[in-house]
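In: Pasted the sequence and its predicted model underneath.
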Amino acid sequence: MKKLVIENVSKYYDKKAILSKINLSISQNECLGIMGESGSGKSTLSKLLVGLESFDEGNIIFNEISYKNINKKQLSLIHRKIQLVFQNAFGAVNPKYTVEEVLTEPLKIHYKKEISYEKMKKRAENFLEKVGLDSEFMSQKATQLSGGQLQRVCIARALILEPEIIIFDESVSGLDPIIQEQILELLGSLKETMNLTYIFVSHDFEACYYLCDKIVIIENGEIADIIENLDSPIIVKNERIKRILGKAVDFIETIQ
């Protein structure tokens, strides 16, 4: 069953097409990689999927909910069930907040009348543990954490609403290579244990290859190629695709 379907979606800014006729689908427990150069439209697509921006043509369907003429109740559901983890963890949280406040904030927004604060706090501690941090971090300010630690907190914040899909928009970019590897291992483990579906937006083919089931390459707002099976030999002949993949072309040759 398709969890999310993107049908012929286009997005314009000042009459310029940022995304043009995008057709994609993703199934339960799948990880879809989206690669592209800066300005290709991949981050805009992420914002459309979580309902932060609207599209101009086509449609997006999540669990049979059409984004066309969506009502407030449906949009609230999408905001819970599709979470977005950004690249810059320090820019994604209030620097004055403690980790406890960062994690309980989405619960207050969506479940304030249903869950007591004590239960919210306990839930925050549980999800903090799931990302490899103990409860001692709850009292620390976001600014006291390392980039890797804070990104784990942001992952816990995404998980705490028990979403069905998580979109990672360059979420491991800029991290130390060792920390990046640890985060990728964490994401792979969480995906399997929690039966999650991922959309992994990145310019790093090696990260996509590690985590994803298939990879979509976007150029100038259009789908330039789709690598459907990462277990089969990957042949890169198109010069445009080689440019987008960059140094990954050499990596691809070593894994064949």
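Out: The structure has been received and is ready for your questions.
In: and stretch 151-161, how far out from the chain's middle?
Out: Once both centres are worked out by CA atoms, centre = their mean, to the nearest Å, stretch 151-161 turns out to sit 11 Å from its chain's centre.
In: Now for the residue sitting nearest the centre point of the chain: which residues touch it?
Out: Residue closest to the mean C-alpha point of the chain, counted by CA atoms, centre = their mean, is Ile167 at 1.6 Å. Neighbouring residues of Ile167 by CB atoms under 8 Å, 6 or more residues apart in numbering: 46, 49-50, 82-85, 198-199, 201. C-betas here are computed from N, CA, C, even on glycine.
In: element containing it, please.
Out: Using DSSP states H and E, Ile167 falls within strand 165-169.
In: Next: Glu7.
Out: Going by DSSP H and E, Glu7 is in strand 2-13.
In: Neighbouring strands of that strand in the sheet, and parallel or not?
Out: Partners of strand 2-13 in the sheet, by DSSP bridges, are strand 16-27 (antiparallel), strand 57-62 (antiparallel).
In: so can I have CSV of those showing mean pLDDT and distance to Ser135?
Out: Below are the strands paired with strand 2-13 laid out as CSV (pLDDT from 0 to 100; distance: least, CB to CB, whole Å):
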stretch, mean pLDDT, distance to Ser135
strand 16-27, 95, 34
strand 57-62, 96, 33
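In: Would you tell me which of these gets closest to Ser146?
Out: strand 16-27 (31.6 Å; CB to CB).
In: Let's see the closest one as PDB, backbone CA atoms only.
Out: Extracted C-alpha coordinates of strand 16-27, given in PDB (Å, rounded to 0.1, in the frame of the first residue of the first chain):
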ATOM      1  CA  LYS A  16       9.100  30.500 -12.400                       C
ATOM      2  CA  ALA A  17       8.700  26.700 -12.000                       C
ATOM      3  CA  ILE A  18      10.600  25.600  -8.900                       C
ATOM      4  CA  LEU A  19       9.000  22.100  -9.200                       C
ATOM      5  CA  SER A  20       7.600  20.800 -12.400                       C
ATOM      6  CA  LYS A  21       5.300  17.700 -12.800                       C
ATOM      7  CA  ILE A  22       6.700  15.700 -10.000                       C
ATOM      8  CA  ASN A  23       5.300  12.100  -9.800                       C
ATOM      9  CA  LEU A  24       6.400   9.900  -6.900                       C
ATOM     10  CA  SER A  25       5.100   7.400  -4.400                       C
ATOM     11  CA  ILE A  26       6.400   5.900  -1.200                       C
ATOM     12  CA  SER A  27       5.300   2.700   0.600                       C
END
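In: Also compute the angle for the helix or strand just after that strand relative to strand 2-13, please.
Out: Beyond strand 16-27 in the direction of the C-terminus, DSSP H and E gives the next helix or strand as strand 31-35. Calculated by axes from the mean of the first three to the mean of the last three CA atoms, to 10 degrees, strand 31-35 forms an angle of 20 degrees with strand 2-13.
In: pLDDT weak spots in the chain?
Out: When residues are selected by pLDDT under 70, those of the chain lie in 1, 230-256.
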